[in-house]
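**Q** Need coordinates for the following:
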Amino acid sequence: MKIRELFDQKTVFSFEVFPPKKTSSIDTVYKTLEELEGLTPDFISVTFSAGGSGNSALALDIASKIKESNAVEPMIHLPCINYSRAEISEVLAELDKRGIENILALRGDINPDIPPKKEFRYASDLVSFIRERGDYDIAGACYPEGHIEAEDMVADIHNLKRKVEAGASHLISQLFFDNDAFYRFQEKAQIAGIDVPIEAGIMPVTNKSQIERMVSMCGASLPAKFVKVMQKYENNPEALRDAGIAYAINQIVDLIANGVDGIHLYTMNNAYVARRITEAVSSLIERK
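**A** Got it, this is the predicted structure:
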């Protein structure tokens, strides 16, 4: 099934999982998937190495497992910065063999230890390449507060429009903690003529180091009320986890009330957190 079709039917609700580190067994992710059974997200995306971490084969195996055992449509992340056209073609051939037709096309993070191959400079180049090579549903990433490397928000929206014009049929946002920032981004995208569905990326914060790491990587701003919550409970792990879950739920409730196209939950492979949030908001998901 093409994921784009779901947006015509309902408010889409999806998860993201990632392969284990080299020091961990893939069974840890399979256990997470088992614990997620019964939650019935519309799809589950699987992150894929931008080169160098060696988890690419595991990502494909996990995506296949999701399709076969969880009976949920998988979406495979496909970064391009460290891959050649020939290598991307090989991945597409493998996806065809496994019956996986949904792709999140990404440039990928630049690793200073791995020289980029430069055959794909931007995600829009990858979107065009994929579009020419098969009947795939292609999603793109977007950044409510602007890509950390973008000159400014105007340039970032311009690049996003190129991605959509190249063939991205829907978008998934980077995490954010300020819903007003997302609404401002939506308005800018609409003014620019970007009319594809946009899923809001929500990450429940369950520990202090997690938020510090993610904010440094993506540049998300921290609203004052969020900072107060983190500071109040930073030395109480259980309270911080529950506060993070509550904050994410409040974000999602507000987004759905304001007609968001979908919610993409960054689960961090934590089935407990995903279950708590899903059970809290499942009755709010609207069918069209």
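
**Q** what's the helix or strand for the residue lying closest to residue 81 once chain neighbours are set aside?
**A** Nearest non-adjacent residue to residue 81, counting by Cβ to Cβ, 6 or more residues apart in numbering: residue 108, 4.2 Å away. All C-beta atoms are positioned from the backbone trio N, CA, C, and that covers glycine. Using DSSP states H and E, residue 108 sits within no helix or strand.

**Q** these two touch, right, residue 108 and residue 56?
**A** No - using Cβ atoms under 8 Å, residue 108 is not in contact with residue 56; the gap is 11.5 Å.

**Q** Give the other helices and strands that the lowest-mean-pLDDT helix or strand in the chain contacts.
**A** Every helix and strand in the chain was compared by mean pLDDT, DSSP states H and E; the lowest is helix 208-218, with a mean of 76. Here helix 208-218 touches strand 170-175, going by 3 or more Cβ pairs under 8 Å, 6 or more residues apart in numbering; DSSP states H and E.

**Q** packing partners for the helix or strand following the strand it packs on?
**A** Next in sequence after strand 170-175, counting helices and strands by DSSP H and E, comes helix 179-191. Judged by 3+ Cβ pairs under 8 Å, 6+ apart, helix 179-191 is in contact with helix 153-166, strand 198-202, helix 237-257.

**Q** by contact count, what packs against the shortest one?
**A** Going back to what we said before, that points to strand 198-202. So strand 198-202, by 3+ Cβ pairs under 8 Å, 6+ apart, packs with strand 170-175, helix 179-191, helix 237-257, strand 262-266.

**Q** What is the neighbour count of the residue nearest to residue 81?
**A** 21 (other Cβ atoms under 10 Å).

**Q** so of the helices and strands packed on helix 179-191, which one's packed in deepest?
**A** Mean neighbour count (mean count of other Cβ atoms under 10 Å) peaks for strand 198-202 among those, with a mean of 25.

**Q** quick one: strands adjacent to that strand?
**A** strand 170-175 (parallel), strand 262-266 (parallel) (DSSP bridges).

**Q** These into a markdown table, with extra columns for mean neighbour count and distance to residue 159?
**A** A markdown table is the format used below for these (neighbours: other Cβ atoms under 10 Å; distance: least, Cβ to Cβ, whole Å):
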| stretch | mean neighbour count | distance to residue 159 |
| --- | --- | --- |
| strand 170-175 | 24 | 12 |
| strand 262-266 | 26 | 20 |
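
**Q** want to throw these into JSON lines with distance to residue 193 and mean pLDDT?
**A** Shown next, in JSON lines, are these (distance: least, Cβ to Cβ, whole Å; pLDDT from 0 to 100):
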{"stretch": "strand 170-175", "distance to residue 193": "14", "mean pLDDT": "97"}
{"stretch": "strand 262-266", "distance to residue 193": "20", "mean pLDDT": "98"}
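
**Q** quick one: which of the helices and strands packed on strand 198-202 is nearest residue 38?
**A** Of all these, it is strand 262-266 that lies closest to residue 38, at 15.4 Å by Cβ to Cβ.

**Q** Identify the residues contacting that closest one?
**A** 7, 11-16, 41-42, 45, 172-173, 175, 197-204, 248, 252, 255-256, 274, 277-278, 281 (Cβ atoms under 8 Å, 6 or more residues apart in numbering).

**Q** give me that answer again for 7 Å
**A** Residues outside strand 262-266 that contact it (Cβ atoms under 7 Å, 6 or more residues apart in numbering) are 7, 11-16, 172, 175, 197, 199-203, 252, 255, 274, 277.

**Q** Tell me what angle that strand forms with helix 237-257.
**A** 160 degrees (axes from the mean of the first three to the mean of the last three Cα atoms, to 10 degrees).
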